[in-house]
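Undergrad: Here you go, sequence then predicted model.
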Amino acid sequence: MIFVIPLILFLSIYNFYMMSVLNGRTAQTGQDTIRVYQKPMGKDMHDIESLMVNMVANDAAFQQWVYSTTDLNAYMDSQTIINKMKNWVGSSAPIASFYAYDVNHDIFWETYGGSYSYTNKMEIKSFLKQIIRDDQKSVVKKWFIDKIGTKYYLFRVMHRNGAYIMCVFDLDKVEKPQFNLDINHGAFLFYAAEDYTPLTSVQEVRQKGISLRNANGKPYYITGDDQKFIIVQSYDAYSRLNLMYAIPYRGLFMTFDKTMVFFFSGSILIFCLLGISFRVLKKWYLNPLKALVDTMETVKKGNMEAKMSYGNNVLEFQKLSETFNDMLQQIKMLKISTYEYQIETQQAKLQYLQIQIRPHFFLNCLKNIYGLAQEQKYKQIQDMILALSNYLRYILKNNMSLVTVSTELQSVRNYILLQQLSADLQVSCDIELDPRLKEFRIPPLSIQTFVENSVKHASVSYKKLMISIKIALLKSEGENLVNITILDNGQGFPDDMLQDLNGTTEAVYCEDHIGIQNVKHRFSLIYHDTCTFSFSNVTGGACIEIFIPAAGIPLDENPDNREGGLDNDGTDR
């Protein structure tokens, strides 16, 4: 490719350069032809204009006509003028006609230099009278062009004191050069206006689909429908006409000799062979490599099910595909084993953390039962043991799975009842639960741990302990959240403890407040970074808020979310 592609480019550029050179030479020949063609026409126009100027300025008969006082004298003088013009008609082939017109006496004479139809003559006569009536000054300044019937003519008008002489110049009768326009048959010359409207050979230009435009400084341009033409043009400021030369464009191979055709055909053949070779290379080597890279990118994104295809006849790629697929399978098995190990480790850690809470609670219950036994309150001991058995049944049955909010709240009620039965503790628990969240699942002993913490640290002998639990559904930044709030009327958290509890460091085992750290750690293992804890002191006690994502729970209801709690006498409220 390094050697062949530059060679092909060089040959192609050379061939197109030669074609451009040949077209340039053809255009130069056309320019020479145009100059030869323009010369006789320009001479005729200058000669006619000189004769007309000389007559208006110096001719005695014209001066008498200008100052004729009677219609008869004007008629005789104008006839003398038109007779002189008859001689001019024969001196130049392109002259279609001459006219003499006396506006003051309304006398009109004409003479023609060829056979024109009566209709055509009358159209020219009416046209000249009309332009003189419309504007008697502007038409006499220079040659101008207009269309009469189906043909275009050049006009020159001069006047003095209402006496007009006019020349009509037929473009189709302009003298042509006395040699063949082009060696190759089919070239033709024609005139176009300043706006490139064709004036002669109009039908031929339209049939061949030749588009006329400004060449913008270029020596030529190529146009045409089926047959292409090289268009060369030259603008004549005196006549304000574009002389156009259309030369048939023969194309690339028509201008090549046998040697050039051989080299050009050879370069095309080499280029085709190069394309075929590249397609073979792409099919057997590049596509398998691309498939390998794509498979590796897919695996990199986490899709371990991707596999390499064996559909390749190259033995090396078959071996590579087989080895790669085996390697992916082994990685997949190792990843599954690692994942299972991580799950088992996490479950063991959760089980340890949950068991870690139980001794703390069990010791409190045994201590309370011992106190009731000392006071010989056997009925309360029986009720407390029954409540404790219900509670133990709950925590032992659900120690490794999430529980519903309603189940957790029932455990809280049992705990409050145990506290009310175990001592003379004035405690009440008010629960507000959104009915839509009854089946929402949370880790077991999560709310109960904070309630236990309030009973242990917020209780004072001189006032009733009031605990409020509110579980609501709210919306934050387009995401549904479950908000669990536990509030008591105790002394609140110490400042240093608030700083530790609201810190971002990972919760670990510590001697004080093991239950709170335990719950935070379990939530972090289950919900990762999507769950948020907030610890604060409010007027009259401590406040704990938990925010848990709750996708899929609607917010278009407004239920009565009041649920009963336990008063200090153990009755539901």
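TA: Looks like it arrived, so ask away. Numbers count the residues shown, from 1 in each chain.

Undergrad: check contacts around Ile124.
TA: Counting by CB atoms under 8 Å, 6 or more residues apart in numbering, Ile124 touches 96-97, 148, 153, 168. To be clear about C-beta, it is placed using only N, CA and C from the backbone, and glycine gets the same treatment.

Undergrad: just for the stretch 251-400 of the chain, where's the confidence low?
TA: 251-257, 260, 264, 310-312, 339-361, 394-400 (pLDDT under 70).

Undergrad: Let me have the contacts of Ile124 in CSV, extended by neighbour count.
TA: Supplementary listing: the contacts of Ile124 in CSV, determined by neighbours: other CB atoms under 10 Å:
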residue, neighbour count
Ala96, 25
Ser97, 23
Ile148, 18
Tyr153, 23
Val168, 23
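
Undergrad: In JSON lines: these, plus secondary structure and distance to Gly162.
TA: Formatted as JSON lines, those follow (DSSP: H, G, I helix; E, B strand; the rest coil; distance: CB to CB, whole Å):
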{"residue": "Ala96", "secondary structure": "strand", "distance to Gly162": "24"}
{"residue": "Ser97", "secondary structure": "strand", "distance to Gly162": "21"}
{"residue": "Ile148", "secondary structure": "strand", "distance to Gly162": "24"}
{"residue": "Tyr153", "secondary structure": "strand", "distance to Gly162": "24"}
{"residue": "Val168", "secondary structure": "strand", "distance to Gly162": "20"}
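
Undergrad: Return the closest of those residues with respect to Asn242.
TA: Tyr153 (16.5 Å; CB to CB).

Undergrad: Find the residue closest to that closest one in space, skipping its chain neighbours.
TA: Val168 (5.3 Å; CB to CB, 6 or more residues apart in numbering).

Undergrad: how near is that neighbour to Gln130?
TA: Here Val168 is placed at a distance of 14 Å from Gln130 (CB to CB, to the nearest Å).

Undergrad: Farthest pair within the contacts of Ile124?
TA: Every pair of the contacts of Ile124 checked by CB to CB; the farthest is Ser97 and Ile148, at 10.9 Å.

Undergrad: And Gln38, which helix or strand is it part of?
TA: helix 4-58 (DSSP states H and E).

Undergrad: I'd like the domain boundaries of the chain, if you could list them.
TA: Domain ranges of the chain: 38-173, 263-303, 340-566, per automatic domain parsing.

Undergrad: which of the ones you listed has the lowest average pLDDT?
TA: Sorting those by mean pLDDT places domain 340-566 lowest, at a mean of 77.

Undergrad: For Phe493, give me its contacts.
TA: For Phe493, the contacting residues are 501, 535-537, 542, by CB under 8 Å, 6+ apart.

Undergrad: hmm, I was thinking of Glu439
TA: Glu439 neighbours (CB under 8 Å, 6+ apart): 404-406.

Undergrad: Turn the buried ones among the residues you listed into a named PyMOL selection, would you?
TA: Filtering the contacts of Glu439 down to the buried ones (16 or more other CB atoms under 10 Å) takes a single PyMOL command:
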select buried, resi 405
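
Undergrad: Which one of the contacts of Glu439 is nearest to Arg436?
TA: Nearest member of these to Arg436, counting by CB to CB, is Val405, at 10.1 Å.
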